[in-house]
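**Student:** Fold the following for me, if possible:
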Amino acid sequence: MPKFLLKRWHGMHMVWVFALLAVLTFILFLYQWIIGLVALFLCALLGYYTLQAEQAFRKDLNAYITTLSHRVKRAGSEVIHELPLGMLLYNEDKVIEWHNPFVAKMLGRESLIGEPLLEVFTGLKARKEKEVKLELPVDKRIYEVQMKPEERLVYFTDITDFRTLQKRYEEEKLSLGIVMMDNLDEATQGLDDQTRTIMMAKVTGEITEWAQKNQIYLRRTASDRYLMVMDQKGLKALEQSRFEILDEVRDITIENKLPLTLSIGIASGTTSLNELGQWAQLSLDMALGRGGDQAAVKVGERLSFYGGRSNAIEKRTRVRARVISHALRDLIKDCDKVLIMGHRNPDMDSIGAAIGVLKMAHLSNKEGYIVLEGVNPSIQKLMDTIYEDEKLNRWFITPEQAVAITNGRSLAVVVDTHRASMTPEPKLLQLTSRKVVVDHHRRSEDFIHDATLVYMEPYASSTCELVTELLQYFHERMTMGVLEATALLSGIVVDTKSFSLRTGARTFEAASFLRRNGADSALIQRLLKEDLDYYIQKAEVIKHAVVIYDHIALAVNEPGRKYSQLLIAQVADTLLTMTGIMASFVISERPDGLIGISARSLGQMNVQVVMERMGGGGHLTNAATQLEGTIAEATQRLKQVLSEIHAEEGLFE
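**Tutor:** Here you go, the predicted structure:
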């Protein structure tokens, strides 16, 4: 305790003693005045002493305050100079007037006074007017800059260690992945034990070496499956290499009749191990659903795909088709009505598959309805034939009618698409919890996740092929009408370009079944005929075609001339038949004002990847997208994407 405070404490006690003595003196005067005089004298002495003590206290207090003020100013000055942060003052012309030593040390200079602030710290020029905090790199260090425009004051805080720690934390986040040999049975079918063992040893060695090179912990969980654990830094390296292991495994088994391919699902971006496991399996399902031979990476909300450069290999089994058929039969029997939807602007495959599912409903003695909104010109002749058939025509309804009759016990069946946004009435899927998806397209992120039953096979030529297989197991004594069988076969013929593309043994088996059940091939030819004017319109677009990258045909229609998406797609198909052309892209304005792009390939180039980067999708050999803007902008964007892919991994196998 300071001495002056101790004196003050004694002084306060003297005041109390003085007061007590004064009271005692008054009492003594009443009884013994002589003793009272003595007490009065003592009281006067005590009062004098107390007054002197009070004056001494005030003198010491003033001296202490003066000393303390000086110490505070000196300490404040030392603190400003020793603080682990920078302080800088500038004038209204943004010229530096003062700074503490931290700022000079930060830049390795003795003084900055008199220099323009924005020239010394050029990073401040790019800041927004209202921005008061920003990060500024200075000589390999990172500083958080806090602006105080009112006081014309700037604070600099070194956050390099924090950012380094944050970066390390992000890089060391756990990532979980699953590697699967997606066609092991098909690739090793017919091989003897020795050849199979040698091939598996090569593949296993390649995968193990790849894991060691990229610092991945790899654990085999089944004969065709691996679990891998890595950090975020390792995952970024894999994405930068675009999962080269996919090409390496395919290349070392290329001498086989069917090369072995991998599918990889990876998840990152969450600290929950349960979520990581679920996301990794979901990513693998996405990769397999898109045809395999690719990697799907889910990091938080981002889902990216790599690879997918080979054709999907047919690996459906009749057992799976029978199980799905029986499950669908049970669902139909347990509902009150079946509502069937394809995609908007339906094609032959969509209508044919819908008619096949309608047949299943009628075989189960249930009401079935096909929801149709508008007629695509490509199916106009088929629809005209259906309208003449009273038995079939009565089951076609509008989306409004479908919504009116749908309830919780209705079964909604979506064919030839798995995206709710592409159906003629997405609201229909919200009115019932019983949903079935039958599709042959590669799975996209916008998927009907709450479907009760999903039959997606990207290896199939068409949805009509899948529905035909389901029909074979749906009823023991199945008979079909001529128009029903013809509609299904038409969908297969159109999607396979008359059995020239994406056909497998199962495709011909399905076509044979339909032919036995009355499909009329002559009627199909009449339905697919096109008139002369339509052919001339296609020729008008084709004449603008040019060849880029030696094997890609690009046809850009004249601005102002509008063609349907169907015609654009047919032009792309036609260009693919030209000598030396491995892929084709056709760009044209559509009647709805959007810019349509159709892409086709023979399999050496994955046009789905190109269209996905432009907001569309499709198959490896068949894809499309629709864009807003002008034809010139769409053409420039397409060329940019092709250039990026060519630089990353090449356009062709």
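**Student:** Find the nearest non-adjacent residue to Arg244, please.
**Tutor:** One thing to correct before we go on: residue 244 is Glu, not Arg. Closest residue to Glu244 apart from its sequence neighbours, by CB to CB, 6 or more residues apart in numbering: Trp210 at 7.8 Å. Any C-beta I mention is one placed from the backbone N, CA and C, and that applies to glycine too.
**Student:** quick one: Phe508 from Leu576, how far?
**Tutor:** From Phe508 over to Leu576 the distance is 22 Å, taken as CB to CB, to the nearest Å.
**Student:** More neighbours: these two, which one.
**Tutor:** When Phe508 and Leu576 are compared on other CB atoms under 10 Å, the one with more neighbours turns out to be Leu576, at 20 against 15.
**Student:** if I read this right, that one contacts Ser598, doesn't it?
**Tutor:** No. Counting by CB atoms under 8 Å, Leu576 sits too far from Ser598 to count as a contact (10.6 Å).
**Student:** so is Gln146 in a helix, a strand, or just coil?
**Tutor:** Secondary structure assignment for Gln146 (DSSP: H, G, I helix; E, B strand; the rest coil): strand.
**Student:** List the contacts of it.
**Tutor:** Under the criterion of CB atoms under 8 Å, 6 or more residues apart in numbering, the neighbours of Gln146 are 132-133, 154-155, 157.
**Student:** how close does it sit to Phe156?
**Tutor:** As defined by CB to CB, Gln146 lies at a distance of 8 Å from Phe156.
**Student:** same check, this time on Leu118
**Tutor:** Taking CB to CB as the measure, Leu118 falls 15 Å from Phe156.
**Student:** just Arg526 next, same as before
**Tutor:** Between Arg526 and Phe156 the distance is 81 Å, computed by CB to CB.
**Student:** Compare neighbour counts for the two and give me the winner.
**Tutor:** Neighbours were counted for Arg526 and for Phe156 using other CB under 10 Å; Phe156 has more, 22 against 11.
**Student:** That one sits in which helix or strand?
**Tutor:** Element membership of Phe156, judged by DSSP states H and E, is strand 153-158.
**Student:** Can you give me every residue that contacts Ser462?
**Tutor:** By CB under 8 Å, 6+ apart, Ser462 lies in contact with 349, 352-353, 440, 491-492, 494-496.
**Student:** Around the residue nearest to it when sequence neighbours are not counted, how many other residues sit close by?
**Tutor:** The shortest distance from Ser462 to any non-neighbouring residue, by CB to CB, 6+ apart, is to Asp495 (3.8 Å). Residue crowding around Asp495 was assessed by other CB under 10 Å; the count is 26.
**Student:** May I have the predicted confidence score for Asp495?
**Tutor:** Among the per-residue scores, Asp495 holds a pLDDT of 86.
**Student:** same check, this time on the one 10 residues further on
**Tutor:** Reading off the per-residue confidence, Ala505 sits at a pLDDT of 84.
**Student:** before we move on, what about the one 3 residues further on?
**Tutor:** pLDDT for Phe508: 92.
**Student:** pretty sure it is touching Phe499, no?
**Tutor:** Yes. Counting by CB under 8 Å, Phe508 touches Phe499, with 7.4 Å between them.
**Student:** can you map out the helices along the stretch 101-250 of the chain?
**Tutor:** If you assign secondary structure with DSSP state H, counting those that start in this stretch, the helices in the stretch 101-250 of the chain sit at 101-107, 117-120, 160-171, 184-188, 193-213, 232-240, 245-252.
**Student:** List of residues touching the fifth one?
**Tutor:** In this case it means helix 193-213. With CB under 8 Å, 6+ apart as the contact definition, helix 193-213 has outside contacts at 179, 181, 187-188, 191, 216-218, 226, 228, 244-245, 248-249, 252-253, 256, 260, 262.
**Student:** and the angle for that helix with helix 232-240?
**Tutor:** Here the directions of helix 193-213 and helix 232-240 differ by 120 degrees (axes from the mean of the first three to the mean of the last three CA atoms, to 10 degrees).
**Student:** Name the residues of helix 193-213 that are buried.
**Tutor:** By neighbour count, and taking 16 or more other CB atoms under 10 Å as the criterion, the buried residues in helix 193-213 are 199-200, 203, 206-207, 210-211.
**Student:** ditto for the fourth one
**Tutor:** Neighbour counts over helix 184-188 (16+ other CB under 10 Å) mark 184, 187-188 as buried.
**Student:** Who are the packing partners of it?
**Tutor:** Using 3 or more CB pairs under 8 Å, 6 or more residues apart in numbering; DSSP states H and E, the elements in contact with helix 184-188 are helix 193-213.
**Student:** Quick check: which ranges of the stretch 151-300 of the chain have low pLDDT?
**Tutor:** Applying pLDDT under 70 to the predicted model, the residue ranges of the stretch 151-300 of the chain that meet it are 257.
**Student:** Could you do the chain as well?
**Tutor:** 1-43, 46-47, 54, 57, 60-81, 126-131, 257, 308-317, 653.
**Student:** what's the closest non-adjacent residue to Arg344?
**Tutor:** Leaving aside its sequence neighbours, Arg344 sits nearest to Pro424 (CB to CB, 6+ apart; 5.4 Å).
**Student:** Let me fix that, I meant to ask about Ile351.
**Tutor:** Of all residues apart from its sequence neighbours, Ile379 sits closest to Ile351 (CB to CB, 6+ apart), at 5.5 Å.
**Student:** OK, contacts around that neighbour?
**Tutor:** Contacts were defined as CB under 8 Å, 6+ apart; by that measure Ile379 touches 346-348, 351.
**Student:** Now secondary structure and distance to Glu110 too, for those residues, in CSV please.
**Tutor:** Output for these, formatted as CSV (DSSP: H, G, I helix; E, B strand; the rest coil; distance: CB to CB, whole Å):
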residue, secondary structure, distance to Glu110
Pro346, coil, 78
Asp347, coil, 77
Met348, helix, 82
Ile351, helix, 83
